[in-house]
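Undergrad: mind looking at a prediction? Sequence and model below.
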There are 2 protein chains.
Amino acid sequence: MSLLVTGSIGIDTVRTPFGVSEDCLGGSSIYFSMAASFFGPVRFVGVVGADCPFDLNEVFAGRGVDLAGLEIRPQSKTFRWAGTYAQNMDDRTTDSMELNVLGEAPPEVPEAFADSKFVFLANTMPKLQHELLTQIKEPAFVAADTMNCWIDDHFDDLKSLLKDIDCLIINEDEARQLAGEHNLIKAAQIILDMGLSVVVIKKGESGSFVCGDDQFLLPAYPAAEVKDPTGAGDSFAGGFMGYLAQAGKTDFPTLKKAIAYGTVTASFTIADFSLNGLSATTRTEIDRRLESLRKLTTF
Amino acid sequence: MSLLVTGSIGIDTVRTPFGVSEDCLGGSSIYFSMAASFFGPVRFVGVVGADCPFDLNEVFAGRGVDLAGLEIRPQSKTFRWAGTYAQNMDDRTTDSMELNVLGEAPPEVPEAFADSKFVFLANTMPKLQHELLTQIKEPAFVAADTMNCWIDDHFDDLKSLLKDIDCLIINEDEARQLAGEHNLIKAAQIILDMGLSVVVIKKGESGSFVCGDDQFLLPAYPAAEVKDPTGAGDSFAGGFMGYLAQAGKTDFPTLKKAIAYGTVTASFTIADFSLNGLSATTRTEIDRRLESLRKLTTF
């Protein structure tokens, strides 16, 4: 079934103990689309300024990513983010951020995308996510990401959004914050009761916890080489939603397998800077790593 | 096969957000023995002072725990520990500690226990662990626990011990500290190379990672109710070693299943104060939870 993503496109500068990647391609919709493209076609909605040095047609060439929803605003500048990862690769500092075009009106969903069935609303202001969602006629399964600042300052908008979507993909600190509960099992149930059918809690190196009709726990793929964690969460979401859209169903066994695909897809992202790790892999490699993860977690 | 444990017996006072448990029975060998007793007989080696208010014969009645190695020193006082858990149940503060009898000579391993095949050396000074180990003639599989202060201040003794044992069970911060490496996959390999055949890294709520001939990742059992985490690590070790001793082998598939048993056994411990959670359960309940954990982690 059709899969649509709306999210950011960024010019990133990333510093990790393994090197610096200056002015490279980043952004949630970019990582998501690249990850999801291993599973089927992706409909892309995003906006850049005239200064964007990347040709996304080239980036996604042959990958089935439909860029009809890419808007280039001649008077605007592209979103920029610069960050530095600490030696432990867990702690990240934002060195600078220029919202630029992301601070303006969101892009429009093209008419041809309005019948999309699977939708991912990458992290942005909940009100904008909601506005984008209203442009989709009859979505079958909508997932969204959010972050601490929206939970703090736009709580009502977020709660209103959660009533209209199916799945929230969130990290563990955000889940605790949103639920007002430290225990993750209880927190997941509290968030589910906000109107969702599935909550996916990402625990970084410790994997993920899924709560819906049933529960599922999966460790992260054990990565000995982590060069750049940027985009891991969006790649996870891309693998997850890409597999679901390909399967065309969201029963719990399918959700579990989708989480496993999200997990291994993200493990390719973090092995190199920017999109290098992800774009160098293949569906065959992803499937191989899925079987390896299955073996690693089966007793 | 026979299983021997040496470790502490304590009079604990534990404060958690759920209540206070004053002067209750605790200590590593106590939790370990209770946990391991679900799988087979346990040989117990430990020492208390004349002030010990607990009748261990009663505590372990009908559980196959051989107390021939329990020494009561009339002139000494029992080890005491008091601690408080923070609201998040992760952070723990030691309010007071009296080593008492643990600061004296270690207990002796009775002659009848010298032929023990599976041995667990609970956390104490590495030199003492080594001394206790030399009293076992031909152990088949020896596991030990350690902690940050020994890694800091008794590093040479610890490294010498690691050459003579098979398995180290350690938490993730300690693993990073011992290996001098933040990435846990690499850290596990560095620790293995110190002379071990298996390293078990405990990640609390995030489960465990095992590295040996192969690798294994298992999430913790998702506990909605955590009343008192004291003893979780020793209960995990007890379930792990108890199952291995019962199986009488330590090939990787058996190690994996033993880790799963350790995980679910510990989940009963944390559900209540002191030994209450563990002593109220049965092997049938443990087996049921093992199957539940298998279902929760299978995709």
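TA: Thanks, I have it. Residues are numbered from 1 along each chain as shown, chains lettered A, B, ... in the order given.

Undergrad: skip the chain neighbours and tell me the closest residue to the residue nearest the centre of chain A.
TA: For chain A, the residue nearest the mean C-alpha position is A:Asp234 (2.5 Å; C-alpha atoms, centre = their mean). Closest residue to A:Asp234 apart from its sequence neighbours, by C-beta to C-beta, 6 or more residues apart in numbering or on different chains: A:Tyr31 at 3.8 Å. Glycine gets a C-beta too; all of them are placed from N, C-alpha and C.

Undergrad: what segments of the stretch 51-200 of chain A are helices?
TA: A:56-59, A:126-134, A:148-153, A:155-164, A:172-179, A:184-192 (DSSP state H, counting those that start in this stretch).

Undergrad: residues from the stretch 51-200 of chain A in reach of chain B?
TA: Residues of the stretch 51-200 of chain A lying near chain B by C-beta under 8 Å from any C-beta of the partner chain: A:87-89, A:182-186.

Undergrad: buried subset of those?
TA: Burial by neighbour count, 16 or more other C-beta atoms under 10 Å in any protein chain shown: within these this picks out A:89, A:182-185.

Undergrad: what is the lowest-pLDDT residue among those residues?
TA: The lowest pLDDT within these belongs to A:Met89, with 82.

Undergrad: what about that residue, distance to B:Lys159?
TA: Counting by C-beta to C-beta, to the nearest Å, the gap from A:Met89 to B:Lys159 is 27 Å.

Undergrad: follow-up on the earlier one: any chance of the buried ones among the residues of the stretch 51-200 of chain A next to chain B in a markdown table, plus distance to B:Arg289?
TA: Output for those, formatted as a markdown table (distance: C-beta to C-beta, whole Å):
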| residue | distance to B:Arg289 |
| --- | --- |
| A:Met89 | 34 |
| A:His182 | 23 |
| A:Asn183 | 18 |
| A:Leu184 | 18 |
| A:Ile185 | 14 |
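
Undergrad: please identify which helix or strand holds A:Ser235.
TA: Per DSSP states H and E, A:Ser235 falls inside helix A:232-247.

Undergrad: by contact count, what packs against that helix?
TA: strand A:3-6, helix A:28-36, strand A:118-121, strand A:141-145, strand A:167-171, strand A:198-202, helix A:252-269 (3 or more C-beta pairs under 8 Å, 6 or more residues apart in numbering or on different chains; DSSP states H and E).

Undergrad: what's the first helix or strand after the second one?
TA: Read that as helix A:28-36. Next helix or strand after helix A:28-36 toward the C-terminus (DSSP H and E): strand A:42-49.

Undergrad: quick one: that following strand to helix A:28-36, angle?
TA: Interaxial angle, strand A:42-49 versus helix A:28-36 (axes from the mean of the first three to the mean of the last three C-alpha atoms, to 10 degrees): 150 degrees.

Undergrad: which strands and helices sit next to strand A:42-49?
TA: Against strand A:42-49 (3+ C-beta pairs under 8 Å, 6+ apart) you get strand A:3-6, helix A:28-36, strand A:65-73.

Undergrad: now render the ones you listed as CSV, adding mean neighbour count.
TA: Below are the helices and strands packed on strand A:42-49 laid out as CSV (neighbours: other C-beta atoms under 10 Å in any protein chain shown):
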stretch, mean neighbour count
strand A:3-6, 29
helix A:28-36, 30
strand A:65-73, 18
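
Undergrad: need these in JSON lines with mean pLDDT, can you?
TA: JSON lines is the format used below for those (pLDDT from 0 to 100):
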{"stretch": "strand A:3-6", "mean pLDDT": "98"}
{"stretch": "helix A:28-36", "mean pLDDT": "98"}
{"stretch": "strand A:65-73", "mean pLDDT": "98"}
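
Undergrad: which among the ones you listed is found nearest to B:Arg80?
TA: Closest approach to B:Arg80 among those (C-beta to C-beta): helix A:28-36, 53.2 Å.

Undergrad: and that closest one, what other elements does it pack with?
TA: strand A:3-6, strand A:42-49, helix A:56-59, helix A:232-247, helix A:252-269, helix A:276-279.

Undergrad: 7 Å instead?
TA: Counting contacts by 3 or more C-beta pairs under 7 Å, 6 or more residues apart in numbering or on different chains; DSSP states H and E, helix A:28-36 packs against strand A:3-6, strand A:42-49, helix A:232-247, helix A:276-279.

Undergrad: next up, the contacts around whichever residue of the stretch 1-150 of chain A sits closest to chain B.
TA: Residue of the stretch 1-150 of chain A nearest chain B, by C-beta to the nearest C-beta: A:Asn88 (4.7 Å). Counting by C-beta atoms under 7 Å, 6 or more residues apart in numbering or on different chains, A:Asn88 makes contact with B:His182.
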